[in-house]
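S.K.: sharing a model that was predicted from the sequence below.
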Amino acid sequence: MKTIKVIKIGGNIIDNEEALAAFIKNFAAISDPKVLIHGGGKLATKLAEQMNIPVQMNEGRRITDADTLDIITMVYAGKINKNIVAQLQANNCNAIGFSGADGNTIISEKRPIKTIDYGFVGDVKKVNTDALEVLLNNNITPVFCAISHDENGQLLNTNADTIASELAIGLSTIFNTELYYCFEKNGVLKDVENEDSVIENIKTESYKILKENNIIFEGMLPKLDNCFHAINKNVKKVCIGKSDMLFNTNIKHTTITQ
Ligand SMILES: Nc1ncnc2c1ncn2[C@@H]1O[C@H](COP(=O)(O)OP(=O)(O)O)[C@@H](O)[C@H]1O
Ligand SMILES: CC(=O)N[C@@H](CCC(=O)OP(=O)(O)O)C(=O)O
């Protein structure tokens with residue numbers, strides 16, 4: 001089986017022109033098959049505020065009404081996705097931009113209303129890798145934004161970390177899959193203010209203890225839940241850290257194991 005790298009980048013790279021250019025140059029040079037997933041939550045928030053559309057988040061998830069869905073579609077599937085694809089082409093990496101509707105790749109269902117109505121937010125039901133397999137076997141790199149669909153014509157906002165773990169799990173039947181979450185810190189930290197306090201390995205048991213001691217909180221909780229979901233479902237390697245970890249093996253980062 002060939003190895004594939006499934007790589008998610010967050011706002012810290014997307015929002016910084018120089019950081020994005022440096023990342024894309026290195027990413028384009030990866031010789032293994034690869035898939036890129038990007039977020040863009042910060043830019044969507046900025047644009048919504050400029051347009052006087054209220055921004056509401058709950059536990060790191062965006063409450064997505066019809067106006068917000070329009071904005072995130074324009075920002076994630078449009079501006080950010082197409083810009084990344086164009087920059088990959090400039091670095092001789094042939095790429096195609098995807099939402100989950102394209103190639104029927106990511107099918108989700110609108111999150112049921114419990115205590116909170118998240119609006120047009122989708123929970124992934126199924127990943128369909130047929131179209132991706134054809135592209136990857138022809139050396140074409142898929143670039144995914146954080147949008148899925150329900151197969152009835154409705155686009156749904158789905159957290160980019162979840163899109164990454166679900167794609168990694170879906171691809172693990174045809175590839176030896178590695179999943180990398182790139183964000184602004186060196187990894188999961190013992191002390192979030194201290195970049196030197198990287199926890200190099202987290203297992204199911206130690207994750208429980210870290211949560212109990214409030215060492216892991218906010219956006220890191222759903223990220224780690226996604227990591228464990230992936231490692232328990234046939235993804236061979238899961239890492240969290242700065243994107244430099246992909247290109248320099250000496251860079252400290254966090255590895256997730258069962
Ligand atoms: N132990 C921890 N180590 C590192 N970051 C942590 C930790 N606990 C909570 N965090 C927070 O999680 C954030 C990353 O989650 P998030 O903002 O969702 O990532 P992304 O940039 O990929 O969207 C960090 O910026 C940090 O504020
Ligand atoms: C449902 C939901 O919360 N979707 C996210 C999708 C974007 C994202 O995940 O972006 P980052 O990775 O940059 O945070 C949102 O709209 O913010």
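M.R.: Cool, got the structure. Numbering: from 1, shown residues only. Ligands and ions are numbered 1, 2, ... in the order given.
S.K.: contacts, neighbours, all on C-alpha from now
M.R.: OK.
S.K.: and the stretch 1-150 of the chain, which residues reach ligand 1?
M.R.: By the rule CA under 6 Å from any ligand atom, the part of the stretch 1-150 of the chain lying against ligand 1 is G10, G11.
S.K.: strands along the stretch 1-150 of the chain, start to end?
M.R.: Applying DSSP state E, counting those that start in this stretch to the stretch 1-150 of the chain gives strands spanning 3-9, 34-38, 57-58, 61-62, 95-98, 106-110, 122-127, 141-144, 147-149.
S.K.: closest one to ligand 2 among these?
M.R.: Ligand 2 sits nearest to strand 61-62 of all the strands of the stretch 1-150 of the chain, at 3.3 Å, using CA to the nearest ligand atom.
S.K.: point out the most buried one among the strands of the stretch 1-150 of the chain.
M.R.: strand 147-149 (a mean of 28; mean count of other CA atoms under 10 Å).
S.K.: not counting it itself, show me its contacts.
M.R.: Residues from elsewhere that reach strand 147-149, judged by CA atoms under 8 Å, 6 or more residues apart in numbering: 73, 76-77, 99-101, 106-109, 122, 124, 155-159.
S.K.: near ligand 2 too, which of the residues you listed?
M.R.: N157, T158, N159.
S.K.: looking at those residues, spot the one nearest ligand 1.
M.R.: N159 (8.8 Å).
S.K.: from ligand 1, how far out is the residue nearest to that closest one when sequence neighbours are not counted?
M.R.: Spatial nearest neighbour of N159, excluding adjacent residues (CA to CA, 6 or more residues apart in numbering): A146 at 5.7 Å. Distance, A146 to ligand 1, using CA to the nearest ligand atom, to the nearest Å: 11 Å.
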